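> Turn this into a structure:
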Amino acid sequence: MTWFAQVSEAFFKTSGAASLKALLLACWLICSGLAGAQTNQTTQAQAGSPAPQGAEPRGAEPSTEPAARVMLLVSYHAGMAWSDEQIAGLRSELARYERPIKLSLDFLDTKNVRPLPAYQQQIEALLLSKYGATPPRLLLATDDDALDLALRMRAHHFPGVPILFSGVSGSRRASLQQEGNISGVFDDSDEGQNLALMLQLLPQTQRVVIIHDQSRTSLAQVASLAPILAQRPSLQVEHLTRLSVQEVQARLRALSASDLVLALPFNLDAHGRVLSHEEASKLWAQAATAPLTVTRDVSMQAGVLGGYLVTGRQQGEYLGRLALQVLRGQRADELPMTAGLGAPTFEHQQLLRWGIDEAALPAKAVVLQRPADWWADLRPYLGWLISLFGSLVVIIALLINGIRLRQRSEQALRNSTQNYLALFNGSSDAILVRDGNSLAIVDVNPRFCSLYGYTRAEALLLSPGQLSDEANHYTGTMVAERIAKAKNEGPQFFEWRSRRKDGSHFWADVSLTAFTLPTGERIISTVRDVSDRKQLETQAQAFQHRVTQIYQNLPVAVFVIDAQHQVTFWNEQMTRLTGVAAKDIIGSHEAWRGMYPTARPCLVDAVVDGLDVEALRQLYGDQLRSSDEVPGAWEGESCVPAQGERGKLWLRFCAAPLRDEQGLVVGAIETVIDVTALKHSQESLLALNQELEARVQTRSQELELAMAQLLQADKMAALGSLVAGVAHELNTPVGNLLTVASTISQTSKTFGEELLGGRLRRAEVQTRVDQLRDASLLIERNAERAAKLVADFKQIAVDQSSTHRREFCLQSLVHDSLSMMRASHLLDRAQIEVDIDPSIRLYSFPGPLEQILTHLLSNSIKHGFEARGEGRITIQAQIQGSAVLISYADNGCGIAAAALRHLFEPFYTTRFGQGGSGLGLYIVYNLVTGVLGGSIEVSSKPGFGCRFELQLPLYVDSKPHEI
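Residues are numbered from 1 along each chain as shown. You can find the predicted model right below:
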């Protein structure tokens, strides 16, 4: 049947409102038929012949890219409207993915089988046997049971695979956010919002009856009603749960119009009967004698008033959109989890039944089963239909005539409209059309107006000179000459300095083409702004000139060859070195001239040819090595015969490849340096170094002997000072012993005489005995003190004269050293504070550590406090891992910055000629870094004292180094 016959039949078989619909259909069929006829004819005219049947459209080759495997787990069974709608919405979104997707779909049927762990384990094993252990690209789950299995599969087999869900209870949001790489949409509508709306529409409500089971989704929705119910304390609330279907229906039949029924998910009754959302809704609607509201679109059955409904289709579409984002590289946990979106939906007959005005419904509310009013629907379009009918008559008349002239009109339409307008108006180049005789502009395209700044009306009045930079010799006369060449010689292409309306200028590529129309000759000019290209060319030329100047003026000889081994650059230094002028060698293949007496490959030739190491060794022997700084470069030295009377030359050369944007070698560059003088200097220096080494070795042996003698003298001097101090300290207890001993002797003699004479009374005897006992105790104390001094001195003497390891307490060692030095009165002018934890113990060499402390204390007394007379010294220590940090500080005169960096050098002293040897701190440095295996640092500021920080290991397991 032709399209015209279809129109006629549709129009004449209808009447009334149906006629208006048929009229719209007829108009659509006419327009589509006309468009189809025009399209078919146009296609045939362009192609020349009909396309062969079965021809595959261009670009329809099958993709060879492997499909992305997506696993979809559905909690329920096929044929359940809620699940089917989710799957349909998901598929509609996945169809928009630009790459192949392999969707694996499996139903868990948990409406009929309880999802116990054993059942989940069986399903898990089944899925692994079907699809293997290879992780899918993405795991999708609809409703809670499928999500539980998806989480189990990921934990056991597919770690890290993203999971997306829909239809899941919103009560799980907090726990799911802890899982990681998961997102989705919850199916919980805002039941509080639903209840508030119904109470507003039904103000007579006195009791709310809530039907629900004990599933997670139902209980979560029940909990969401609590805030609204708390605001209406006068409302009675009744829950119908843990009942059979018959018990629920019986309770619903007993309700009145002042009650409101909220039907939440009820999929399992008290007798174990499994219900779908649709079945439960039908059963409640059949029995309810009060307004009945539901939460899902599949529950919207006859007899249900409505409410905010969550749709399975929306859930699936949202899941599909999330899946597309993850498949395109986004992490799942970067996508927000969202709650279900409910749309207000009501049934027309139920609105009338319960006296609810549609005007009170929320904006964009959907009313189902509303009776159709065709006249009301078509009234706004009546004027348009009348105009359309009149236009239809005209179109039919024109169509009859147009069929006869179709071929000629289509050709003219293509030439004048499609080709000309599409190219002219859509061109990215400015186009202006001139009259071939007067050269006046007759048309311009939009790009011309935006490029030059003129409107179309202004452009039609312009002369050739107004569009050119006449001040720089680009005149209108020259334009006329170019146009004449285009008319006589063919199309012209050239660069031109053009002028805008605001007076600014720009460079342009211009083409002129002459052609003849029935209305006369025309000249088409296309103008392309190439200012950026010209600027880049100018910058490139300037950059190339600068680079050439740099290489020409380098103090290093440089030459370049291309991939065909032709010399392309030869700077002045190269000419001076070889005696070969650039004009004589550039363009040749003889880069060896000036460096070798006969033809042979240069290093640049080897780099261009990519010779391996063995081939390079044959040419250069062992004189060549790969560069550490330039990838792919080779460098080396060679002795070559010189030009003239110079004898042989030593040359140092380096050749590197030159690459294009793709990394291919397009040439090589070589630098050549004359190192002949350097070689002669090196030979002279080598001989001189050998002589100096012999001298240094002799002097070093003499210096080492002198150093050993000085160090031994310094040690003996320190020990002598220590002995003198100890002797002084021993004078006191030994003197006390002698005094007390003589007193005891005299007292004993007198006491004996009196005792033998019998002249003593009991009290006098007791007095003499007490005196003798006190004298004995005094002798004992002084003897112990002397013994301790001797023992300490012995230990220090042993430690300082030997380097035996032992375990010792750092605090005790410091105190003992200070006691010995106080005995020699060296510390009389110093106030010393010691802050060391007694638990710090070292297994090391105590003698060197005591020598270090002695030198530091002597330095503070002799140098730091010399001008002040007295000062303060602080010694602290703290554990740092396996080491101890000892801090020694004084508040003396400090050390100048110039002296600070030489402080640990041998024989360096600020008291030269005044008794200082300059070896004290040198010995300290060697003891710390050599014997004790630690480090020492010094800091000071003149006038503010100095600080030494020693970091020593707590345990030293090696033999000491001699210093």
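> Residue 513 sits in which helix or strand?
Using DSSP states H and E, residue 513 falls within strand 505-517.
> strand partners of the next helix or strand after that strand, parallel vs antiparallel please.
Helices and strands here follow DSSP H and E; after strand 505-517, the next one along the chain is strand 520-529. Here strand 520-529 has these sheet partners by DSSP bridges: strand 430-435 (antiparallel), strand 505-517 (antiparallel).
> CA atoms only for the longest one - export them in PDB, please.
Output in PDB follows, covering the C-alpha atoms of strand 505-517 (Å, rounded to 0.1, in the frame of the first residue of the first chain):
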ATOM      1  CA  HIS A 505      46.800  43.400  10.100                       C
ATOM      2  CA  PHE A 506      47.400  39.700   9.800                       C
ATOM      3  CA  TRP A 507      49.000  37.300   7.400                       C
ATOM      4  CA  ALA A 508      46.700  35.100   5.300                       C
ATOM      5  CA  ASP A 509      46.900  32.300   2.700                       C
ATOM      6  CA  VAL A 510      44.700  33.500  -0.200                       C
ATOM      7  CA  SER A 511      43.400  31.500  -3.200                       C
ATOM      8  CA  LEU A 512      41.600  33.000  -6.200                       C
ATOM      9  CA  THR A 513      39.400  31.000  -8.500                       C
ATOM     10  CA  ALA A 514      37.400  32.300 -11.500                       C
ATOM     11  CA  PHE A 515      34.200  30.500 -12.700                       C
ATOM     12  CA  THR A 516      31.200  31.400 -14.900                       C
ATOM     13  CA  LEU A 517      27.500  31.400 -13.800                       C
END
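> ok, and for it, which residues are buried?
506-512, 514 (16 or more other CB atoms under 10 Å). Every residue, glycine included, has its C-beta placed from N, CA and C.
> so can I have CSV of these showing pLDDT and distance to residue 844?
Below are the buried residues of strand 505-517 laid out as CSV (pLDDT from 0 to 100; distance: CB to CB, whole Å):
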residue, pLDDT, distance to residue 844
506, 89, 83
507, 90, 82
508, 90, 86
509, 90, 85
510, 91, 91
511, 90, 92
512, 89, 97
514, 88, 103
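> got CSV for the residues you listed, with distance to residue 875 too?
Shown next, in CSV, are the buried residues of strand 505-517 (distance: CB to CB, whole Å):
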residue, distance to residue 875
506, 81
507, 81
508, 85
509, 86
510, 90
511, 92
512, 97
514, 104
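> Now tell me which helix or strand of the protein has the poorest mean pLDDT.
Ranked by mean pLDDT, DSSP states H and E, the weakest helix or strand in the chain is helix 3-12, scoring a mean of 39.
> Mind giving me the packing neighbours of whichever strand or helix holds residue 811?
Under the criterion of DSSP H and E, residue 811 resides in helix 810-823. Packed against helix 810-823, as judged by 3 or more CB pairs under 8 Å, 6 or more residues apart in numbering; DSSP states H and E, are the following elements: helix 676-757, helix 762-801, strand 830-835, helix 846-859.
> which of the residues in that helix are buried?
Neighbour counts over helix 810-823 (16+ other CB under 10 Å) mark 810-811, 813-814, 816-821, 823 as buried.
> Tell me the confidence at the residue lying farthest from the centre of the chain?
Taking CA atoms, centre = their mean, the residue of the chain most remote from its mean C-alpha position is residue 757, at 109.4 Å. Listed pLDDT for residue 757 reads 75.
> Would you check the distance separating the strand holding residue 513 from the middle of the chain?
51 Å (CA atoms, centre = their mean, to the nearest Å).
> what sits up against it?
Defining contact as CB atoms under 8 Å, 6 or more residues apart in numbering, one finds that strand 505-517 is touched by 436, 469, 472, 482-483, 485-487, 491-500, 521-531, 533-534.
> Pull out the buried members of the residues you listed.
Buried residues within the contacts of strand 505-517, counting neighbours by 16+ other CB under 10 Å: 436, 469, 482-483, 486-487, 492, 496-499, 522-530, 534.
> Now whichever strand or helix holds residue 146: buried residues?
Using DSSP H and E, residue 146 sits within helix 143-156. For helix 143-156, burial by neighbour count (16+ other CB under 10 Å) applies to 143-151, 153-154.
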